[in-house]
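[1] Take this sequence and fold it.
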Amino acid sequence: MIEKSTAPTPEDLQWLKTVVTNIHIKNRQRGHATWSGHDFDFTCPSSVTYPFQWFWDSCFHAIALSHIDLAKAEAEIKSLLKNQHEDGFVSHVTFWQRDSFEEMVSTYAIAFRSKYLSDEMQPPLLAEAVQAVAQRGRGNEFIKEVLPSVRRFYEWLHNVRNPFGDGLIRVVQPDETGLDHSPKWDELMNIQDEEHESWDRGWHSICDPYDKFNRDPKKMIALNHFVVADVMVNVIYIENLRVLAELCLQIKDEAGAAIYIARAAKARDSLEELCWDETDGLYYDVNGKENEKLRVNTFTSLMPLLLADLAPKKVEALMAHLLNPEEYWAEFPIPSTAMNHPTYRPETVGGNLVWRGPTWINSNWYLARGLLRHGRVDLARVIANQSIVAMRKSGVREYYNPQSASGRGAPDFSWSTILLDLVMMVL
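    Have a look, this model is predicted:
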């Protein structure tokens, strides 16, 4: 496919800018929340199925918007941070207009801190979003406005979700990774079949025991049932600590930068020590105090490609998996589960179980950036080009069939507009 694929064209870029602009107009949510006393201004993931504000979605939205509307990009981040908790935590969902969508909320499997704020985290790419918006906008002025809140969030991650002192952050339930139904969790959740009811029972088996502790983080972690150092989450964490250090240096805070550089280095060492599997040539999540590997081949095993200092032999090993047409090098890469894994499903199954095969634009964005860092602009262009082909064919969807590009999940899905940032990088 490398030989026959071409890079995105200027015409593709112009088409994509129009699409991105229209999606963010259609899905924009503005108003005033009486429950918090705050105005809000953000892009929801999909006005049809997800009318609220999600953490990592908003980070992707802000990065895409930084290319077309800096005022909206800033508003996205500021709205996300308006209800930051006293301990620095930022909820993975803010239900700004919950009272208008009670029936919809009843279908979500979500842990709550309050009626309007969830008690779950999501992959921490907040620093990357801030940097993108600052670089294309008001620079240091914007950084100084939001950095205190951003730093408080990363302090929460370090103090609360680094329980074993190895620098890696842990998630305490599967949806905190954003990869809700990934087959990585099947064994821990005792998934018996590919129906949503099975996953729902598994989710409750993990999360219900937390209720008796009032979701106290230390007590949840002490149960040692689902305490996962997810490879993708931690690669994003390491990358964002690096970016956070850059933001500190940009405003002349050398002491702050040194803290984040040291934390990134520690997490980086632990990722290699605990998650790398020499035999398989892949990185695996680890669970619990015992750091037991979850040996399921999904795209997250390739995520360390994002790390610029990854050892050449490990780059080569991961690339071998990526370019294997029986694993990840599909017609429309990159599938979320290896195509030769028994759990691979190119279409959703069991009442919309996701991350079990389809291609997602946000993971393409991360992995293509990793390829660029290791000198493979040719492969990054293939991923960008095939993502455009899929989007032209099926619209801006939540995810795509890796073999046919048929679109599935929510329509007009906002985080897929992150493709604009990737195309800008590879042109």
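[2] any chance you could map the strands in the protein?
    28-33, 38-43, 53-54, 93-94, 112-114, 117-118, 228-229, 276-277, 282-283, 285-287, 292-294, 399-400, 407-408 (DSSP state E).
[3] Residue 192 reaches residue 198, doesn't it?
    Yes - in this structure, residue 192 is within contact of residue 198 by Cβ atoms under 8 Å, at 5.1 Å. The C-beta positions use only the backbone N, C-alpha and C, and glycine is treated the same way.
[4] Among the two, which residue is more densely surrounded?
    Per other Cβ atoms under 10 Å, whichever of residue 192 and residue 198 has more neighbours is residue 198, with 19 against 12.
[5] Report the contact partners of the residue nearest the centre of the chain.
    Residue closest to the mean C-alpha point of the chain, counted by Cα atoms, centre = their mean, is residue 123 at 4.9 Å. Each residue near residue 123 by Cβ atoms under 8 Å, 6 or more residues apart in numbering is listed here: 56, 177, 178, 232, 233, 236, 237.
[6] Would you format the strands of the chain as TSV with distance to residue 301, mean neighbour count and mean pLDDT included?
    Shown next, in TSV, are these (distance: least, Cβ to Cβ, whole Å; neighbours: other Cβ atoms under 10 Å; pLDDT from 0 to 100):
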stretch	distance to residue 301	mean neighbour count	mean pLDDT
strand 28-33	35	14	98
strand 38-43	30	20	98
strand 53-54	24	24	98
strand 93-94	27	24	98
strand 112-114	32	14	95
strand 117-118	28	22	98
strand 228-229	13	26	98
strand 276-277	9	16	98
strand 282-283	4	25	98
strand 285-287	9	25	98
strand 292-294	10	17	98
strand 399-400	19	28	97
strand 407-408	23	19	94
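[7] and of those strands, who's closest to residue 214?
    The closest of those to residue 214 is strand 112-114. By Cβ to Cβ, the value is 10.3 Å.
[8] who touches the closest one?
    Taking Cβ under 8 Å, 6+ apart as the rule, strand 112-114 contacts 85, 91, 118, 119, 215.
[9] what lines up beside it in the sheet?
    Strand pairing for strand 112-114, using DSSP bridges, gives strand 117-118 (antiparallel).
[10] Switch the strands of the chain over to CSV; also include distance to residue 254.
    CSV is the format used below for the strands of the chain (distance: least, Cβ to Cβ, whole Å):
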stretch, distance to residue 254
strand 28-33, 39
strand 38-43, 33
strand 53-54, 34
strand 93-94, 34
strand 112-114, 35
strand 117-118, 35
strand 228-229, 30
strand 276-277, 32
strand 282-283, 32
strand 285-287, 34
strand 292-294, 38
strand 399-400, 42
strand 407-408, 47
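[11] Just give the closest residue to residue 89, not the sequence neighbours.
    Spatial nearest neighbour of residue 89, excluding adjacent residues (Cβ to Cβ, 6 or more residues apart in numbering): residue 156 at 4.9 Å.
[12] What's the local residue count around residue 250?
    Residues lying near residue 250 (other Cβ under 10 Å) number 17.
[13] Residue 316 too?
    Other residues within reach of residue 316, judged by other Cβ under 10 Å, total 12.
[14] what about stretch 275-289, how long is it end to end?
    Counting by Cα to Cα, to the nearest Å, you get 13 Å between the two ends of stretch 275-289.
[15] roughly how far out does it sit from the chain middle?
    In terms of Cα atoms, centre = their mean, to the nearest Å, the gap separating the centre of stretch 275-289 from the centre of its chain is 20 Å.
[16] can you check stretch 128-138 too?
    In terms of Cα atoms, centre = their mean, the centre of stretch 128-138 is found 18 Å from the chain centre.
[17] Contacts for that stretch, please.
    Looking at what lies outside stretch 128-138 - Cβ under 8 Å, 6+ apart - the contacts are 58-60, 62-63, 65-67, 70, 73-74, 76-77, 140, 142-143, 146-147, 150, 239-240, 243, 246-247, 250, 421.
[18] now do stretch 413-421
    Stretch 413-421 is contacted from outside by 13, 16-17, 19-20, 23-24, 27, 43-46, 56-57, 60-61, 63-64, 66-68, 132, 361-362, 364-365, 384, 387-388, 391, 396-398, using Cβ under 8 Å, 6+ apart.
[19] Quick one: distance of it to the chain centre.
    Offset of stretch 413-421 from its chain centre (Cα atoms, centre = their mean): 12 Å.
[20] what is the mean pLDDT for it?
    Averaged over stretch 413-421, pLDDT sits at 98.
[21] Just the CA atoms of that stretch, as PDB, please.
    Output in PDB follows, covering the C-alpha atoms of stretch 413-421 (Å, rounded to 0.1, in the frame of the first residue of the first chain):
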ATOM      1  CA  PHE A 413     -17.900  13.100  15.600                       C
ATOM      2  CA  SER A 414     -15.800  16.100  16.600                       C
ATOM      3  CA  TRP A 415     -12.500  14.500  17.800                       C
ATOM      4  CA  SER A 416     -12.100  13.000  14.300                       C
ATOM      5  CA  THR A 417     -11.400  16.600  13.200                       C
ATOM      6  CA  ILE A 418      -7.900  16.100  14.800                       C
ATOM      7  CA  LEU A 419      -7.100  14.800  11.300                       C
ATOM      8  CA  LEU A 420      -6.600  18.400  10.300                       C
ATOM      9  CA  ASP A 421      -3.600  18.700  12.600                       C
END
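[22] And that stretch, what's buried?
    Within stretch 413-421, the residues that count as buried by 16 or more other Cβ atoms under 10 Å are 413, 414, 415, 416, 417, 418, 419, 420, 421.
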